[in-house]
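Enquirer: Predicted model, plus sequence, below.
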Amino acid sequence: MRWTQLLSPARLGSRKYHTEQARSPFHKDYDRIIFSQSFRQLNRKTQVHPLTQNDGVHTRLTHSLEVSCVGRSLGMLAAEKIVGDLPPWVTPSDFGAIIQAACLAHDIGNPPFGHAGEYAVRDWFGQPKQAHLMELLSPKEFSDLCQFEGNAQGFRILTRLEYHPDDGGMRLTYATLGAFLKYPRLAVSLEDQVGKPSHKRTKFGCYQSERELLNEVAEQLGLIKLSEDSYCRHPLAYLLEAADDICYALIDLEDGLLLGMLHYAEVEPLFLKLIGDYGTPSEVLRDVPMTQKLAALRGRAMKRLVEEVSQAFKNKQTELLDGTLKGSLLDHCPRDICEGIEAAKNLTRTRIFTNPQKARLELVASASLHVLLGSLMPLALNREAETFREHRLSIILQHHGATLGKSPYENMMQILDVITALSDHQAYALAQDIKGNRGGMV
C-alpha cells in the first residue's frame, strides 16, 4: 500500500473537490461528523454503565470526544516521525485530522445500552423462534442480523444513512473511512462462530447491504484484498484502535471510582506502572482531592502512551504498509505498557463488568430491546399493517424515517436503523409505551 493512495482526499459519493484555506478536506470530515444527528444521539448512550443517574460518568459521546483528542495527538506525532515518507501535500495536522475524525465516529453505530445492547440484539435474532427468518434471508444476510455489530452499523451510517441517504451518506473522504474501518470485512458464517465466547468472535465492519461501498473504499485506498469478503486494515486504523484502547482502559477505571465500584488504592499503582520513568505527578504526593490526583495520573500516563504508540507506528511502518502487522500497536510497545493496559482491563472485567447494580440495569436494557425487536420486526415481513397496534407501530417507524418495501432483509435493516439510533432513555421509554406502561423514565 502507498501513502499517496491511502491518504486520498476524494469523497465517497461526490465528484466535486473544493479547496479552502481554513479547512482541509479532513477537517471538514470532523465537522460533518460532529454536527450530525447520529453523533448527537451518543450523548445519552451507554459507554459502560447503562441508564446511570450520575452525570459525571462517561457516555458514548464524551468517550468519543476523548478518543478523538488522543487520536489527533497520536496522528500528529506519528506523522512527524515519518514525515519524510509522506506525500508533500500531507501535513502532520492533516494526518492528525484524519484520525481525529475517524475516532470521533468510531462508536457512532453503537446501539442503546452499549455492549449489553449489542448482545441483546444478537440474542433476539439467535432465539429458536426466529429461525423462520432463515427461510426469507440468505445465509449471509441472516449472519448479519445474528452477529449484529456496532462497527458495521457505523459504516452504514457514515456511507449511506446520514445527510445524503443512499448517495454517499456523509460523503467523507476515503482516507477517513479507511481509518474508521477497524474490521474491513463482512461477517463470517455463523458456523465459524459456534462455541466461541463473545469476546473471541470474529468482528466485522460491513453488512451485506454496504458490500459494494466497502469494495469501493478499499479500491480507492488500495487496501490489500485478503479474501472475497476481507481486506487488510488501513494503517491509520491501528492508531484509532490504540486511541480507543488507551481511553477505555484508563477512563473505565475513573468511572469505576466515581461509582464506588473501585478504590483509589487499587487504581493508582496501575497508572504509575503505565507512567514508568516519566515521573510521578506531584499531585499524587500532596493532600489534594482524589479527582485531582486522578487527572494528573491520567495526563502523565497518556503522555507516555501517545509517545510510545507513535514510536511503534514508526518502527512498524513497513509491516503496516505491507498489511502484515501482527497484533495491535500497543502490543509492540514496551512490556510494562502491555502489562499495565492488560492489568487495567482485567480490573475492569472483574470488578466493574460483574458489578450487581450494573447487571440489574443491563437486564432492564436487554428486556427493553427485546420488546422493541419483538414488536417492530414482524412489520418487516408484513407490509400491510392490519391491526390497530400494527398501524401505530408503523407510524412510529415512519416518523423515524423507515420506508419499508418488498425486501425482508432491507426492511429488517431499516428497523434496526431506527432502534439502534435511539438513546438509552428513548429506547427504554418506547419499550414502556409499547408495553402500556407510563410510569415515567428510569
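Expert: Ah, there it is. Numbering: from 1, shown residues only.
Enquirer: pLDDT of stretch 301-316, averaged?
Expert: Confidence over stretch 301-316 (mean pLDDT, whole number) is 95.
Enquirer: Which segments of this protein make up each domain?
Expert: Here the domain parsing of the chain from automatic domain parsing is 3-235, 241-352, 356-435.
Enquirer: any chance of those in JSON lines, with mean neighbour count too?
Expert: Where C-beta positions appear, they are placed from N, C-alpha and C, glycine not excepted. As requested, the domains of the chain are exported to JSON lines (neighbours: other Cβ atoms under 10 Å):
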{"stretch": "domain 3-235", "mean neighbour count": "20"}
{"stretch": "domain 241-352", "mean neighbour count": "18"}
{"stretch": "domain 356-435", "mean neighbour count": "17"}
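Enquirer: now the stretch 201-350 of the chain, which segments are flagged as low pLDDT?
Expert: Low-confidence segments of the stretch 201-350 of the chain, defined by pLDDT under 70: 201.
Enquirer: ranges for the helices of it?
Expert: Counting by DSSP state H, counting those that start in this stretch, the stretch 201-350 of the chain has helices at residues 211-221, 235-258, 264-275, 282-285, 290-315, 317-322, 335-347.
Enquirer: Output these in a markdown table, with distance to residue 135 appended to each entry.
Expert: A markdown table is the format used below for the helices of the stretch 201-350 of the chain (distance: least, Cβ to Cβ, whole Å):
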| stretch | distance to residue 135 |
| --- | --- |
| helix 211-221 | 22 |
| helix 235-258 | 37 |
| helix 264-275 | 51 |
| helix 282-285 | 62 |
| helix 290-315 | 48 |
| helix 317-322 | 44 |
| helix 335-347 | 41 |
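Enquirer: Pick out the residue closest to the middle of this structure.
Expert: residue 107 (2.7 Å; Cα atoms, centre = their mean).
Enquirer: my guess is residue 137 meets residue 409, correct?
Expert: Yes. Using Cβ atoms under 8 Å, residue 137 is in contact with residue 409, at 5.3 Å.
Enquirer: how close does residue 224 get to residue 118?
Expert: 29 Å (Cβ to Cβ, to the nearest Å).
Enquirer: Residue 23 is in contact with residue 31, isn't it?
Expert: Yes. Counting by Cβ under 8 Å, residue 31 is a contact partner of residue 23 at 7.3 Å.
Enquirer: Next up, the contacts around residue 71.
Expert: By Cβ atoms under 8 Å, 6 or more residues apart in numbering, the contact list for residue 71 reads 96, 99, 100, 102, 103, 239, 240, 243.
Enquirer: how about a cut-off of 6 Å?
Expert: Going by Cβ atoms under 6 Å, 6 or more residues apart in numbering, residue 71 touches 99, 100, 103, 240, 243.
Enquirer: out of those, who's nearest residue 59?
Expert: residue 103 (15.6 Å; Cβ to Cβ).
Enquirer: ok, for that closest one, nearest residue in space, not its chain neighbours?
Expert: Using Cβ to Cβ, 6 or more residues apart in numbering and skipping residues adjacent in sequence, the residue nearest residue 103 is residue 71, 3.6 Å away.
Enquirer: what's the helix or strand for the one you found?
Expert: helix 60-81 (DSSP states H and E).
Enquirer: and that helix, how far from the chain's centre?
Expert: Put simply, helix 60-81 sits 14 Å off its chain's centre (Cα atoms, centre = their mean, to the nearest Å).
Enquirer: So which elements touch the next helix or strand along the chain from it?
Expert: Per DSSP H and E, the first helix or strand lying C-terminal to helix 60-81 is helix 92-104. If contacts are counted by 3 or more Cβ pairs under 6 Å, 6 or more residues apart in numbering; DSSP states H and E, helix 92-104 sits against helix 25-34, helix 60-81, helix 174-180, helix 235-258.
Enquirer: Between helix 25-34 and helix 92-104, find me the angle.
Expert: 20 degrees (axes from the mean of the first three to the mean of the last three Cα atoms, to 10 degrees).
Enquirer: List of residues touching whatever helix or strand comes next after helix 92-104?
Expert: Going down the chain from helix 92-104, the next helix or strand is helix 114-126, by DSSP H and E. For helix 114-126, the surrounding residues in contact (Cβ under 6 Å, 6+ apart) are 46, 111, 145, 146, 148, 150, 362, 365, 366, 369, 370, 373.
Enquirer: Keep only those of these that are in strands.
Expert: Members of the contacts of helix 114-126 lying in strands (criterion: DSSP state E): none.
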